[in-house]
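Trainee: A structural model of the following input is requested.
(one chain, ligands or ions: 1)
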Amino acid sequence: MAILYHEQTKIFTMHTKNSTYQMQVGAYGYLLHLYYGSKIEGQELTYLLQYNDRGFSSNPAEAYKDRTFSLDFLPQEYSVFGMGDYRESGLQLQNTDGSFDVQLTYKSHEIYQGKRRLEGLPASYGTEKEVESLVITLQDEVTKVEVDLLYSVFEELDTITRSVQVRNKGIGTITLEKVMSCCLDFMNRCDFDYMTFYGKHTLERQVERTPIRHGKMSVESVRGCSSHQQNPFVILCDQDANEMHGECYGFSFVYSGNFKATVEVDQIHQTRFVMGIHDTGFCFTLEPGEAFVAPEVMMVYSEQGLGALSRNYHTLIQEHICRGKFKKARRPVLINNWEGTYFDFTAEKLASIAKDASKLGIEMLVMDDGWFGVRNDDYSGLGDWFVNTNKLQGGLSKLVEEVNSYGMKFGIWFEPEMVNEDSDLYRTHPDWCLKTPTREGNRSRFQYVLDMSREEVRTYLYERITAILKEANIEYIKWDMNRHLTNVYSISLPANRQGEVYHRYVLGLYDLLERLTTENPHVLFEGCSGGGGRFDAGMLYYSPQIWTSDNTDPIDRLRIQYGTSFGYPISSMGSHVSAIPNHQTGRVTPLHTRGVVAMSGTFGYELDMNKMTEEEKEEIKEQVAMYKKYYNTINYGAYYRLTNPYSSERFVAWEFVSEDGKNVLVNFVLTKPEHNPPIINIKLQGLERNKRYRVAGTEEVYTGAALMNAGYHLKEQFGDYTAVQIALELYE
Ligand code: GLA
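Mentor: Numbering: from 1, shown residues only. Now for the predicted structure:
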């Protein structure tokens, strides 16, 4: 039993393998948070609560003369705005009479095995053996608003998920102005670092780590999607936590729209963390009987540092977020023509790239942007999902048949959520995009955003994508999204409900993805948004891999993939070898280095294979073979960050250990050549101390203890950006 309830004390306790979470229905029925941290069994933690008469901290009406009970400093399980807790709130709503008061007290609870779906939203899932759930219902006795706090415990993965459902059980309309999914108070503690993952187009998920301070620190997106700029994954950790030591709390939002993750230190040095849909631009009307479901936050706890935290997230996402055939099936090594040809291609050109690639072990050709409508640059065509037979003479099926005849699968690019003004779709349905009727909308990449909240828009997209899938043997879809939202207005909703559009857009997107992915289980979906602009656990529910960045420079990728690895598995990171000089940075790096970096992800190529020399093709063949050999180790093994690319100037190293512990792959990239260099002995992780490991293809044998404590000795390297890949095999 991972979830316990004690009737007399009204204490709820949730245990995972290494953590404990406790809360209590306290005085006057308020649900107070007691503890979340390292495992504590057989102990009520109510003694931690401290009641004081503090100045300027109000007391709820029922407390009357008791001036020591205040929501302003007591740890809340789910805080509300307007009733004396001045910290960042979880819930803010406006009642029928215009007031903001909401007073939530315990009503009932339910504990059950397994986990129910969140209506219309992606969320983690598991069997009755893997997960246990708790629903605590709070209610406002005056307005009859009910709030369900939903918890699910994945014991083995040190994971507790949270979400919230608000129901209007009253007789009048209410307006939700803020519904956060997770609110967590750390009593008497503010010695955390906040780790966040910021970025921009072509440089996503850069790691930033700062001590928290009094007041609030937030990461957020109001761009309509999770964004390149901030990622909906954050960590609170001990200030001395590192890869192997220290307490860490991870929070991953299973949502692809606007979000906010706020950490606040209050007047008496306590910390509150709140995560959910951003309240800016949000306002949701609930008629009597209606409910609102807030997306899920997946919390992972580790007391053994950031490495263990990440490895739990990797398994959690692979096993309990990703779905379908490609959760486990080996995904094809692909070649994408984008950087190889951009818009300038024909069927013959693509076929010849596929033919050359097939000889090297590459398994799928992905035809990127430009195959539809009139699309020779990015000013026209989006929305017209009809094959351009001037480019693809003989049609799509002829090309796909030819590609298939080389033993290659065929994949295709779509950007379904967008429309160009210069398109038949826009000419026919100018009102289908998000736009206020009274003014011209903002363009970005010269395109508008379709109103995904509307059924007819989704039906059109569903029908066009389905028709294309039927036209030929298509086994992969790259689902792109190349601008952020502005002028967020839907003509299908009345004026007072426009605050619902951001969220309804995301729900519409999920609805379409759900239909397409379940009806086409043989098709592998790869998410994309100008690279990694929508890299979140919500999208991973529909597409097990996401194009990590439009930046394919392996040296920049070291940091991008490093940052991404904190919250997302290696198997989710689309990663390709591209041509030199690199198209984004102009940097020249060896083909070997490009291969080593790209194969730490879902591997592929993004270049014109016809332009590669015979020698290069031979090397590519070896890379593909290497990737296939170590596929399981890389994608399903344990991943270890051996260096921090922000502090280690000279080289970056990371390691994979296969699930059975028999294969180890260590990767080094020298980022700064140096004459007369210091020695590099890099300490490996995750090995068996007393077992011996042989360096593949050599007679070198080392014990696990030696490799982990004394380190692997990297021989002196020479030249710009060289890379070394060492495979170790369990020897005895
Ligand atoms: C985005 C994607 C690229 C490519 C282009 C095509 O930028 O991230 O990989 O598909 O769109 O326009």
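Trainee: Could you count how many residues lie near Met23?
Mentor: The local packing of Met23 (other C-beta atoms under 10 Å) involves 26 other residues. Where C-beta positions appear, they are placed from N, C-alpha and C, glycine not excepted.
Trainee: likewise His6?
Mentor: Should you count by other C-beta under 10 Å, His6 turns out to have 11 residues around it.
Trainee: Could you do the one 3 residues further on as well?
Mentor: Residues contacting Thr9 under the criterion other C-beta under 10 Å number 11.
Trainee: and Ala467, helix, strand or coil?
Mentor: Put simply, Ala467 is helix when judged by DSSP: H, G, I helix; E, B strand; the rest coil.
Trainee: Name all residues that make contact with it.
Mentor: For Ala467, the residues meeting the contact criterion (C-beta atoms under 8 Å, 6 or more residues apart in numbering) are Trp385.
Trainee: Likewise for Tyr542?
Mentor: Tyr542 makes contact with Pro122, Arg323, Tyr510, Leu513, Glu514, Thr517, Phe525, Gly527 under the criterion C-beta under 8 Å, 6+ apart.
Trainee: Thr161 sits in which helix or strand?
Mentor: Element membership of Thr161 [criterion: DSSP states H and E] is strand 159-168.
Trainee: Could you do Arg272 as well?
Mentor: Take DSSP H and E as the rule and Arg272 turns out to sit in strand 271-276.
Trainee: elements contacting that strand?
Mentor: Using 3 or more C-beta pairs under 8 Å, 6 or more residues apart in numbering; DSSP states H and E as the contact criterion, the secondary-structure elements in contact with strand 271-276 are strand 174-186, strand 233-238, strand 248-253, strand 259-265, strand 291-302.
Trainee: which parts of the stretch 251-400 of the chain sit against the ligand?
Mentor: Contact residues, the stretch 251-400 of the chain versus the ligand (C-beta under 6 Å from any ligand atom): Trp338, Asp368, Asp369.
Trainee: Excluding covalently adjacent residues, which one is nearest to the last one?
Mentor: In space, Asp369 comes closest to Trp413 once its chain neighbours are excluded; the distance is 5.3 Å by C-beta to C-beta, 6 or more residues apart in numbering.
Trainee: What residues are bridge-paired with that neighbour?
Mentor: Beta-bridge pairing of Trp413, defined through DSSP bridges, involves Lys478.
Trainee: Any figure for the gap between it and Trp338?
Mentor: According to C-beta to C-beta, to the nearest Å, Trp413 and Trp338 sit 8 Å apart.
Trainee: between those two, what contacts are shared?
Mentor: Between them, Trp413 and Trp338 share the contacting residues Asp368, Asp369, judged by C-beta under 8 Å, 6+ apart.
Trainee: wait, what's in contact with the residue nearest to Val25 when sequence neighbours are not counted?
Mentor: What sits nearest to Val25 in space, not counting adjacent residues and going by C-beta to C-beta, 6+ apart, is Lys10, at 3.8 Å. Residues near Lys10 by C-beta under 8 Å, 6+ apart: Gln24, Val25, Gly26, Tyr106.
Trainee: pLDDT score for the closest residue to Asn520 other than its chain neighbours?
Mentor: Nearest in space to Asn520, with sequence neighbours left out and distances taken as C-beta to C-beta, 6+ apart, is Leu469 at 6.0 Å. The model reports Leu469 with a pLDDT of 98.
Trainee: Please apply the same query to the one 4 residues further on.
Mentor: Looking at Asn473, its pLDDT reads 98.
Trainee: Kindly report the same for Met299.
Mentor: At Met299, the predicted lDDT confidence score is 99.
Trainee: neighbours around the closest residue to it other than its chain neighbours, how many?
Mentor: Residue nearest to Met299 in three dimensions, not counting chain neighbours: Ile160, with 5.0 Å by C-beta to C-beta, 6+ apart. Burial of Ile160, expressed as a neighbour count using other C-beta under 10 Å, amounts to 25.
Trainee: so Ile160 makes contact with Val153?
Mentor: Yes - at 5.4 Å, Ile160 and Val153 qualify as touching, with contact defined as C-beta atoms under 8 Å.
Trainee: Return every residue with contacts to both of these two.
Mentor: Contact criterion C-beta under 8 Å, 6+ apart; residues shared by Ile160 and Val153: Met14, Thr16.
Trainee: Now do the helices in the stretch 301-450 of the chain.
Mentor: Secondary structure of the stretch 301-450 of the chain (DSSP state H, counting those that start in this stretch): helices at 305-320, 338-341, 347-358, 395-405, 424-428.
Trainee: SS state for Arg557?
Mentor: Using three-state DSSP as the criterion, the local structure at Arg557 reads helix.
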